[in-house]
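Just to be clear, the model below is a prediction. Sequence and coordinates:
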Amino acid sequence: MTAHKAGDPTTLNRLYGRVSGHKLRKGQQDLVDRLLPQIEVPAEGEVTSARLFGEDRPLHFEIGFGSGEHLVYRADLLPNHAFIGCEPFLNGVATALGHVRDQHLTNVRLWKGDALEVLRRVPDRALSFIYLLHPDPWPKARHAKRRMVNDGPVDLFAAKLKPGGEFRLATDDPTYLNWALMVMQRHGHQQQFEWLARTPKDFLEPSGGWIETRYGAKSRREGRRPYYLRYRRIG
């Protein structure tokens, strides 16, 4: 795996903003207090499907799952696969826990905090999918190094995905889109990733069992266009 450079986002402590919003309702707080410890990713040690679920399964990893709607949809769609979701925002974690409980999902593990800290503990070539849906665009040029799609994190994605695995990115921010295309093209030249789009429809609409989240639908209502990028790990 490529060594991390100075200023690389994988070496920064924070790639996200606030970690909590309005006070949790009692039912949400109960989920955080009781259910989260039961399905939380361990704080130390290797992160594998065998360790988390007792057997080897195709392993999916979502960075910043928001309220968890995409994560739980995929987990319900693929009950024999294993899913790890990471989200620093407490209110989002509480909402996702409600989905996990209501849908009786047993193939989901959550982490409230930095996704890269967990991702580093996943063995190389262990993941089938990495999802990054509507990340913080950090729109100011001086904050570009904080964007999740940067050389360091993408090198990490390449290391953790198995050959043929997918990295999926959604954004409605034109600056972030152009930035991501540039970064991913560079990693394509490095024989790490292949962009799967063949026609405009392939990146203008979600595909391959990929739902549009509430955030994506809101973007359309407000006149912004979400873009859906799929990349296959080469090798």
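Perfect, I can see it now.

Going by C-alpha atoms from here, please, whenever you check contacts or count neighbours.
Will do.

what's in contact with the longest strand belonging to the chain?
Counting residues, the longest strand in the chain under DSSP state E turns out to be strand 161-171. Contact with strand 161-171 is made by 124-135, 157, 177, 226-235, as judged by Cα atoms under 8 Å, 6 or more residues apart in numbering.

Please type out the PyMOL selection for whichever of these turn out to be buried.
In PyMOL syntax, the buried subset of the contacts of strand 161-171 is picked out as below (16 or more other Cα atoms under 10 Å):
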select buried, resi 124+125+126+127+128+129+130+131+132+133+134+135+157+177+226+227+228+229+230+231+232+233+234
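
show me what contacts the residue located most distally from the centre of the chain?
Going by Cα atoms, centre = their mean, the residue of the chain most distant from its centre is K26, 27.8 Å out. If a contact means Cα under 8 Å, 6+ apart, then K26 has no contacts.

again, 10 Å this time
Residues in contact with K26 (Cα atoms under 10 Å, 6 or more residues apart in numbering) are V32.

Doesn't I130 belong to a helix?
No: under DSSP: H, G, I helix; E, B strand; the rest coil, I130 falls outside any helix and is assigned strand.

who are the neighbours in contact with V47?
Contacts of V47 (Cα under 10 Å, 6+ apart): 41, 84, 118-123, 126.

Now go through those residues and say which are in helices.
118-119 (DSSP state H).

List only those of the contacts of V47 flagged as buried.
Applying 16+ other Cα under 10 Å to the contacts of V47 flags 41, 84, 118-120, 122, 126 as buried.

Nearest to R109 among these?
Checking the buried ones among the contacts of V47 against R109 with Cα to Cα, the nearest one is I84 at 4.9 Å.

Nearest to E212 among the buried ones among the contacts of V47?
I84 (19.3 Å).

Next, work out how far apart E44 and L196 are.
As judged by Cα to Cα, to the nearest Å, E44 and L196 stand 35 Å apart.

Could you do K112 as well?
Distance from K112 to L196, by Cα to Cα: 31 Å.

ok, now D56?
Relative to L196, and taking Cα to Cα, D56 is found at 27 Å.

ok, which stretches of this protein are helices?
26-30, 36-39, 49-53, 69-77, 90-102, 115-119, 151-160, 174-189, 201-204, 214-221.

Correct me if wrong: D155 contacts Q192.
Yes: using Cα atoms under 10 Å, D155 is in contact with Q192, at 8.3 Å.
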